[in-house]
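In: fold the following and give me the result.
(chains A, B, C and D)
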Protein chains: 4
Amino acid sequence: MSKYDHIREEAFEANMQLPKLGLVLFTFGNVSAADRSLGVFAIKPSGVPYEQLSPGKMVIVDFDGKTIDGSLRPSSDTLTHAVLYKHWEKVGGITHTHSTYATSWAQSQRDIPIFGTTHADHNTVDIPCAPPMSDDMIRGDYEYQTGFQILNCFKENKLDYEEVEMVLVGNHAPFTWGKDAAKAVYNSAVLESVAQMALLTEQINPKAPRLKDALIKKHFERKHGPNSYYGQ
Amino acid sequence: MSKYDHIREEAFEANMQLPKLGLVLFTFGNVSAADRSLGVFAIKPSGVPYEQLSPGKMVIVDFDGKTIDGSLRPSSDTLTHAVLYKHWEKVGGITHTHSTYATSWAQSQRDIPIFGTTHADHNTVDIPCAPPMSDDMIRGDYEYQTGFQILNCFKENKLDYEEVEMVLVGNHAPFTWGKDAAKAVYNSAVLESVAQMALLTEQINPKAPRLKDALIKKHFERKHGPNSYYGQ
Amino acid sequence: MSKYDHIREEAFEANMQLPKLGLVLFTFGNVSAADRSLGVFAIKPSGVPYEQLSPGKMVIVDFDGKTIDGSLRPSSDTLTHAVLYKHWEKVGGITHTHSTYATSWAQSQRDIPIFGTTHADHNTVDIPCAPPMSDDMIRGDYEYQTGFQILNCFKENKLDYEEVEMVLVGNHAPFTWGKDAAKAVYNSAVLESVAQMALLTEQINPKAPRLKDALIKKHFERKHGPNSYYGQ
Amino acid sequence: MSKYDHIREEAFEANMQLPKLGLVLFTFGNVSAADRSLGVFAIKPSGVPYEQLSPGKMVIVDFDGKTIDGSLRPSSDTLTHAVLYKHWEKVGGITHTHSTYATSWAQSQRDIPIFGTTHADHNTVDIPCAPPMSDDMIRGDYEYQTGFQILNCFKENKLDYEEVEMVLVGNHAPFTWGKDAAKAVYNSAVLESVAQMALLTEQINPKAPRLKDALIKKHFERKHGPNSYYGQ
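Out: Below is the predicted model:
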């Protein structure tokens, strides 16, 4: 028994959803789960195949990226998770994947336009694509800087991380987050579906208009806010 | 035992087909089954994962959208179902999904052209895309107005809901219907396949012609009408 | 025991491969298996779901399309099968599907260009697309005329049905054949794969050249002809 | 017991991964595993379905392509494998597939541009496409010449086979390799994913830029070289 068992279990369960949802090839993805009272998160060990994962293999890391507990090396993206947890206080889980369609949008360095209600059910804006880093940032502490690249993208675009729980990192791939690890994984699957349909929409109609403001507002409020009426 | 058991069972079975047919991600879809003699329909509860559904969780609603029986909140799209049942007297089942290709056509705000016999086996016309609502309609009783948006689209295009059992709602997603819930689900899968092939057809040949009238007529009559010779 | 048991079993097994290979939605496909000495073929009954099929449900039909044995109505495409068996004496099995990519090429009314060795391993020419029928032919005995449309396409293009075992029927869908039902199904899967890759090839490079003649010849001879060296 | 058992087992296990990873239709692929001390490799027999494979059916061949042990005919691509083993001394496993997206790039005769970090995690350059052979080479010992076509492509582009473990053969399909058979199969799956995302990237943004040099270097070094920090 350890005081980290609950987030190890949570991170493990969430990581195991990635292959089930078709969001990862081999080990190209990772999920973490935080315990804010302990100031740490549990994250997938680096390069370990999903079929060999277990809760006990999750690595415990603090919000500065220092390994606190666990015998394996944490995901190579650990510092990006740490930066987001440190600066965004209500985030409880983070997911990173190289899912096919979201990654292709990231590679194309375009925001994903809001074309329909599937998108609006989850976000009121285009899904932002943070620009690739400067060469200096890349040569420095890369994964740490990736976190700041995301923070800066949200600052510059005046986005609220509690409303927009997903981002594309230019040339790289998506990160998503939420109140817990399960919500972060859910957002990764939603993003992948929205990314695929946005590409198809432009292929069917290159002049497809963005969704009307009234419809954006309506659909988002159906699922979120004080008068939401989706779910139980 | 309840007098609603048969439609609860029917709606449950039909809802469970959606994930099997690859038509939904998470809970983004719902099916209802009506009993016209009782003046009610059974519909999926809102936001409940498919793996947690059971016949008993289906909610009984009348054709004005009022919940008659059941402890859970019905699907957020319930009022759209109610309007269609109320105005189209021979509809016995309705399906709503955000399936990838049909939704992408809806987002592109284009009718799906009739390019081949797979389409003609089920419809003699392009699959209509109802335009997005006015801002006033959206701000009002949104799901209720969605139903009228569909009714108006059929009126304006002089379509018969007994012949054309599917529609795209612009910027939103498809609705399909039929004599019972199973047929409505069947139509959702057919629509998704037709939607995918129509996009591919335009990609292979941007000048692909619509299907000839003689062929439209022939294929539809093979499956429908007094001299149909498809099936047993 | 019946003298038709062997082709009923053969047709049943071959039909059951269609859903496994992802070539059909619902009942949109059929396979037949012929016994030339008896002058008949066994074919899938019309509109019966795959999960309800059994060898005993296969219908026995002669090469003029007359039902010889069986209590169910044969596939609505039966007359097309009959015409091909009657005129092409070495065909032992025929498959018809509405598989996604092959059907989209048929809807686009284009031959599938020979772009690579996967295609050349099976055919030395572009896969032909027979033009849609004249209105008179459609209004007549439609499925019977579909067979002649295929025969005429091969005659006009001087193709040999023993070398080219697949065709697209314009606006409709593919037919494939072979020495037995299993080979006909195999050809349907190969056609679907070749059709998908041809579209992707044109998307990657709109000026992609057809395969060189020397390479067409080489690959086809690897698998076919007196000096073939593929397989055991 | 035989001195070849270990590579037969290794080749068998690796071949069985191909259908699991969705990289082959029917028998359109093969993997080999080499033992450098014995100067031989084990390779899949030609045209044998995956469900009928067993370690004992793997054929033992030397680096000149001569069959040393085994009762079946080796893969028709055996000579290509032999040439690569003979000239590239540190290769321990080779895979050949006709996977959908990689083969479509090969058919389009284009190198796959490096658009993102998924690509850079494995290669620092565009994935090369060797041009189709001259007619003389095709008419000669075709599979043998295919090996030289690959070697020449790497020589002309000054590529190191230990850094770039994959190639497209123009009009044909991909070959990948690695220190053992499992790594060669891994590379085939990575290539297929990179190939799909590169096409999608160009579809989303026809002017998508190649990845920055600093990012290419960073990501490759994360997984490779003396300071790599990916995995355990």
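In: in which helix or strand does the residue in chain A positioned nearest to chain D reside?
Out: Proximity of chain A to chain D (CB to the nearest CB) peaks at A:Gly47, 3.1 Å away. Glycine gets a C-beta too; all of them are placed from N, C-alpha and C. Using DSSP states H and E, A:Gly47 sits within no helix or strand.
In: the strands in chain A, which residues?
Out: Here chain A has its strands, by DSSP state E, at A:29-35, A:40-43, A:59-62, A:67-69, A:93-97, A:129-130, A:166-169, A:174-178.
In: could you list the paired strands of the shortest one along with their orientation?
Out: The reference is to strand A:129-130. Next to strand A:129-130 in the sheet, as set by DSSP bridges, lie strand A:166-169 (parallel).
In: same question for the third one.
Out: Strand pairing for strand A:59-62, determined by DSSP bridges: strand A:40-43 (antiparallel), strand A:67-69 (antiparallel).
In: returning to what we had before: so can I have a markdown table of the strands of chain A showing distance to B:Met166?
Out: Converted to a markdown table, the strands of chain A look like this (distance: least, CB to CB, whole Å):
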| stretch | distance to B:Met166 |
| --- | --- |
| strand A:29-35 | 36 |
| strand A:40-43 | 45 |
| strand A:59-62 | 50 |
| strand A:67-69 | 55 |
| strand A:93-97 | 33 |
| strand A:129-130 | 35 |
| strand A:166-169 | 31 |
| strand A:174-178 | 33 |
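In: reformat these as a markdown table; add distance to A:Lys20 and mean neighbour count.
Out: A markdown table is the format used below for the strands of chain A (distance: least, CB to CB, whole Å; neighbours: other CB atoms under 10 Å in any protein chain shown):
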| stretch | distance to A:Lys20 | mean neighbour count |
| --- | --- | --- |
| strand A:29-35 | 12 | 26 |
| strand A:40-43 | 19 | 30 |
| strand A:59-62 | 22 | 22 |
| strand A:67-69 | 27 | 15 |
| strand A:93-97 | 13 | 29 |
| strand A:129-130 | 27 | 24 |
| strand A:166-169 | 19 | 26 |
| strand A:174-178 | 16 | 27 |
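In: nearest to D:Val185, of these?
Out: Shortest distance between D:Val185 and the strands of chain A, using CB to CB, is found for strand A:29-35: 19.7 Å.
In: lowest mean pLDDT among the helices and strands of chain A, which one is it?
Out: helix A:213-223 (a mean of 86; mean pLDDT, DSSP states H and E).
In: in that one, what's buried?
Out: A:214-222 (16 or more other CB atoms under 10 Å in any protein chain shown).
In: and which of those is nearest chain C?
Out: The closest of the buried residues of helix A:213-223 to chain C turns out to be A:His219 (CB to the nearest CB; 30.0 Å).
In: hang on, the closest one packs against A:Lys212?
Out: No: here A:His219 does not reach A:Lys212: they are 10.5 Å apart, not a contact under CB atoms under 8 Å.
In: any chance of the strands paired with strand A:59-62 in TSV, plus mean pLDDT?
Out: TSV is the format used below for these (pLDDT from 0 to 100):
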stretch	mean pLDDT
strand A:40-43	98
strand A:67-69	98
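In: between those, which gets nearest to C:Arg36?
Out: strand A:40-43 (65.9 Å).
In: which parts of chain A are helices?
Out: For chain A, helices defined by DSSP state H occupy the ranges A:5-20, A:78-87, A:100-108, A:117-120, A:135-139, A:142-156, A:181-204, A:213-223.
In: for the closest residue in space to A:Asp111 that isn't next to it in sequence, which residues are in contact?
Out: Spatial nearest neighbour of A:Asp111, chain neighbours left out: A:Asp126 (4.1 Å); criterion: CB to CB, 6 or more residues apart in numbering or on different chains. For A:Asp126, the contact set (CB atoms under 8 Å, 6 or more residues apart in numbering or on different chains) comprises A:111-114, A:210.
In: could you dump the residues you listed into JSON lines and include neighbour count and pLDDT?
Out: Listed next are these as JSON lines, based on neighbours: other CB atoms under 10 Å in any protein chain shown; pLDDT from 0 to 100:
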{"residue": "A:Asp111", "neighbour count": "16", "pLDDT": "98"}
{"residue": "A:Ile112", "neighbour count": "27", "pLDDT": "98"}
{"residue": "A:Pro113", "neighbour count": "19", "pLDDT": "98"}
{"residue": "A:Ile114", "neighbour count": "24", "pLDDT": "98"}
{"residue": "A:Arg210", "neighbour count": "13", "pLDDT": "93"}
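In: worst mean pLDDT among the helices of chain A?
Out: Of all the helices of chain A, the minimum mean pLDDT falls on helix A:213-223 (a mean of 86).
In: right, so of the strands paired with strand A:59-62, which gets closest to C:Lys3?
Out: Of the strands paired with strand A:59-62, nearest to C:Lys3 by CB to CB is strand A:40-43, at 67.5 Å.
In: ok, and what's touching that closest one?
Out: A:4, A:7-8, A:10-12, A:30-35, A:58-63, A:68, A:74-75, A:78, A:81-82, A:85, A:94.
In: please redo it, this time with the cut-off set to 6 Å
Out: A:7-8, A:11, A:32-34, A:58-62, A:68, A:74-75, A:78, A:85 (CB atoms under 6 Å, 6 or more residues apart in numbering or on different chains).
In: of all pairs in these, which one is the farthest apart?
Out: A:Arg8 and A:Tyr85 (16.1 Å).
In: just the closest residue of chain A to chain C, please.
Out: A:Gln203 (10.0 Å).
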